[in-house]
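A.B. asks: Starting from these lines, generate the structure:
(2 chains)
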Amino acid sequence: MRTFTAADFQKNVDACVGVDEAIVFDESNLDVEFGELGLDSLAVYEVFTRLEDDLGFPIPDEDIDELKTLGSVLTYVAGRLAEVRRAG
Amino acid sequence: MTARTARLLTTERRHSRVLGLGAYRPRRVVTNAEICERIDSTEEWIETRSGIVTRRFASSDETLPVMAAAAGAKALAHAGLEPGQVDCVIVASMSNLVQTPALAVVVAEALGARQAAAFDLSSACAGFCQALAVAGDLVASGGAGPVLVIGAERMTDIVEPTDRGIAFLFADGAGAAVVGPSDQPGIGPAVRGADGSYAQALRMDGDWGSVRDDPSLPRPYMRMDGRRVFRWAVGEVVPAARRAMAAAGVRPEDLAAFVPHQANLRMTEVMVERLGLPDSVRVATDVTGSGNTSAASIPLALDRLLSEGAVHSGEPALLIGFGAGLNYAGQVVLMP
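C.D. replies: The predicted model follows:
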């Protein structure tokens, strides 16, 4: 994966919470914490575990605990992808 | 070398396999609506996040010995054995509040298995697979004839009903398997592991001795950090499951069933994806109607798969138990 967008994150959230409890991420809630949007902490861990499969690199628990909004996730993943490109 | 040691060293090794299965599901069915009377949650949230729709809670007369003996008796009947033929009874449980005598001894007596040795095994939700491995080795080494393995739990005795993190997950029940000698291998090599650095992820929040010393203290309950357990299970248990398949010489497409500890349906789904199991593999989902019954969950799920005709005698199933410790154990077995 060379870029990571809100849609990529959304896909994994949908896989975790199901369509009945859909949580829609967009520009308006980039900085709203997951908990306020109805994504509980266990679901967040499940989303990141699925993201690891998409991205092809592990995301440490300590990093997950710091990532509380979609905006922070986009910045974090962009940085990690840049590291991968530099290393590759 | 004396004649005696010569005989010891030439004791013929044989194979072992599962000969029968049995289940005891408590009478009372508990809905998510009832759970929500005591925790701040919704029926939809519980089902979405855990897959659990109903679970069974044991009544006061459905004690651990009663449930374990009932499951054991069914497994013996399935195997076509009489209680008097059992050589050893092993019970795995993490919710037994009685320290001595061993639950297995009480169960053996209740069953009428008076020739049997009996002991308990403590390995939390991995207990059934650990006990199954011990039983398989006992039989294979010639150390015992038929061994009755039982996972029995009253998780409602150690989970606080108002704990919104786990009260909706855990439940009660017992499942059993009979392991006996076989001409062909029927129980694959076990994979096992434990990591005490995760001890805090799933633990008792106190000890009974402290309550004895200061009766004003609250009684101990089990607590779980589901996030840590989830991440550990995906990171450590999935590779262990692959090793169990490799040790048994089977590929994912050879499996008839995948029967992980029934912790949470979401966790099972992630494990299935990571293992790359094809659609032809039946995945146990007994958690949806049984909740998480710890050491009882795998034999309960096996019994359901077999009784519903989802898998058949002689077909291979991958079992993997995991839980407090954190620790895990698993193996590939042929269905009885």
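A.B. asks: Get me the contact residues on chain A for chain B.
C.D. replies: A:16-18, A:20-21, A:40-46, A:49-50, A:53, A:61 (Cβ under 8 Å from any Cβ of the partner chain). Just so you know, the C-beta spots here come from the backbone N, C-alpha and C atoms, and that holds for glycine as well.
A.B. asks: Report the separation between residue B:255 and residue B:311.
C.D. replies: Between residue B:255 and residue B:311 the computed distance is 10 Å (Cβ to Cβ, to the nearest Å).
A.B. asks: now do residue B:108
C.D. replies: Residue B:108 is 29 Å from residue B:311, by Cβ to Cβ.
A.B. asks: These two: which has the busier surroundings?
C.D. replies: More crowded of residue B:108 and residue B:311, by other Cβ atoms under 10 Å in any protein chain shown: residue B:108, with 27 against 20.
A.B. asks: that older thread, what residues are shared contacts of residue B:255 and residue B:311?
C.D. replies: residue B:317 (Cβ atoms under 8 Å, 6 or more residues apart in numbering or on different chains).
A.B. asks: top of the residues of chain A next to chain B by neighbour count?
C.D. replies: residue A:46 (28 neighbours).
A.B. asks: any residues touching the lengthiest helix in chain A, and which ones?
C.D. replies: Assignment by DSSP state H gives helix A:70-87 as the longest helix of chain A. The contact list for helix A:70-87 (Cβ under 8 Å, 6+ apart) reads A:1-6, A:9, A:25, A:29-32, A:51, A:55-57, A:59, A:63, A:66-67.
A.B. asks: Would you list the phi and psi of whichever residue of chain B sits closest to chain A?
C.D. replies: For chain B and chain A, the shortest gap (Cβ to the nearest Cβ) falls at residue B:227, measuring 4.4 Å. The phi and psi values for residue B:227, taken as degrees, to the nearest 10, are phi -60, psi -50.
A.B. asks: Find me whatever residue is spatially closest to it, sequence neighbours aside.
C.D. replies: residue A:45 (4.4 Å; Cβ to Cβ, 6 or more residues apart in numbering or on different chains).
A.B. asks: tell me the contacts of the residue nearest to residue A:16 when sequence neighbours are not counted?
C.D. replies: Among residues not flanking residue A:16 along the chain, residue A:46 sits closest, at 4.8 Å (Cβ to Cβ, 6+ apart). Residue A:46 sits next to A:16, B:230, B:266, B:270 when contact means Cβ under 8 Å, 6+ apart.
A.B. asks: what about residue A:46, helix or strand, and which?
C.D. replies: helix A:41-55 (DSSP states H and E).
A.B. asks: give me every residue that touches residue B:237.
C.D. replies: Contacts of residue B:237 (Cβ under 8 Å, 6+ apart): B:260, B:271, B:320, B:322, B:328, B:330.
A.B. asks: host element of the second one?
C.D. replies: Same thing as residue B:271. helix B:265-275.
A.B. asks: what pairs with the following helix or strand past that helix, and is each one parallel or antiparallel?
C.D. replies: Helices and strands here follow DSSP H and E; after helix B:265-275, the next one along the chain is strand B:282-283. Take DSSP bridges as the rule and strand B:282-283 pairs in its sheet with strand B:257-260 (parallel).
A.B. asks: Who are the packing partners of the helix holding residue B:271?
C.D. replies: Under the contact criterion of 3 or more Cβ pairs under 8 Å, 6 or more residues apart in numbering or on different chains; DSSP states H and E, helix B:265-275 touches helix A:41-55, helix B:43-50, helix B:238-248, strand B:257-260, helix B:287-290.
A.B. asks: Same question for it: list its buried residues.
C.D. replies: Buried residues in helix B:265-275, counting neighbours by 16 or more other Cβ atoms under 10 Å in any protein chain shown, are found at B:265-272, B:274-275.
A.B. asks: check contacts around the residue of chain A found nearest chain B.
C.D. replies: Nearest residue of chain A to chain B: residue A:45, at 4.4 Å (Cβ to the nearest Cβ). Residues counted as contacts of residue A:45 (Cβ under 8 Å, 6+ apart) are A:64, B:227, B:230-231.
A.B. asks: Could you report the distance from it to residue B:267?
C.D. replies: From residue A:45 over to residue B:267 (counting by Cβ to Cβ), the distance is 10 Å.
A.B. asks: Pull up the overlap in contacts between these two.
C.D. replies: Common contacts of residue A:45 and residue B:267 (Cβ under 8 Å, 6+ apart): residue B:230.
A.B. asks: Would you mind naming what in chain B lies close to chain A?
C.D. replies: So chain B meets chain A at B:44-45, B:48-49, B:226-228, B:230-231, B:234, B:266, B:270, B:273-274 (Cβ under 8 Å from any Cβ).
A.B. asks: ok, now with 7 Å
C.D. replies: B:44, B:48-49, B:226-227, B:230-231, B:234, B:266, B:270 (Cβ under 7 Å from any Cβ of the partner chain).
A.B. asks: So, low pLDDT: which residues of the chain?
C.D. replies: Picking chain A for this. Along chain A, segments meeting pLDDT under 70 span A:1, A:18-21.
A.B. asks: think we crossed wires, I meant chain B
C.D. replies: B:1-11.
A.B. asks: could you point out the longest helix in it?
C.D. replies: Ordering each helix of chain B by length in residues (DSSP H) puts helix B:64-79 first.
A.B. asks: Excluding sequence neighbours, find me the nearest residue to residue 68.
C.D. replies: Assuming you mean chain A. In space, residue A:68 is closest to residue A:33, 4.8 Å off (Cβ to Cβ, 6+ apart).
A.B. asks: My question was about chain B, not that one.
C.D. replies: That would be residue B:152: by Cβ to Cβ, 6+ apart, it lies 3.8 Å from residue B:68.
A.B. asks: Using the three-state scheme, assign the one you found.
C.D. replies: Following DSSP: H, G, I helix; E, B strand; the rest coil, residue B:152 is assigned to strand.
A.B. asks: Next up, the contacts around residue B:50.
C.D. replies: Contacts for residue B:50 (Cβ atoms under 7 Å, 6 or more residues apart in numbering or on different chains) come out as B:168-169, B:264-266.
A.B. asks: redo that, cut-off 10 Å
C.D. replies: Contacts for residue B:50 (Cβ atoms under 10 Å, 6 or more residues apart in numbering or on different chains) come out as A:42, B:32, B:166, B:168-169, B:226, B:263-267, B:287-288, B:291-292.
A.B. asks: What of residue B:313?
C.D. replies: Contacts for residue B:313 (Cβ under 10 Å, 6+ apart) come out as B:18, B:306, B:334-336.
A.B. asks: can you count the residues close to the nearest residue to residue B:27 once chain neighbours are set aside?
C.D. replies: Excluding its sequence neighbours, the residue lying closest to residue B:27 (Cβ to Cβ, 6+ apart) is residue B:59, at 6.5 Å. Neighbour count for residue B:59, taken as other Cβ under 10 Å: 11.
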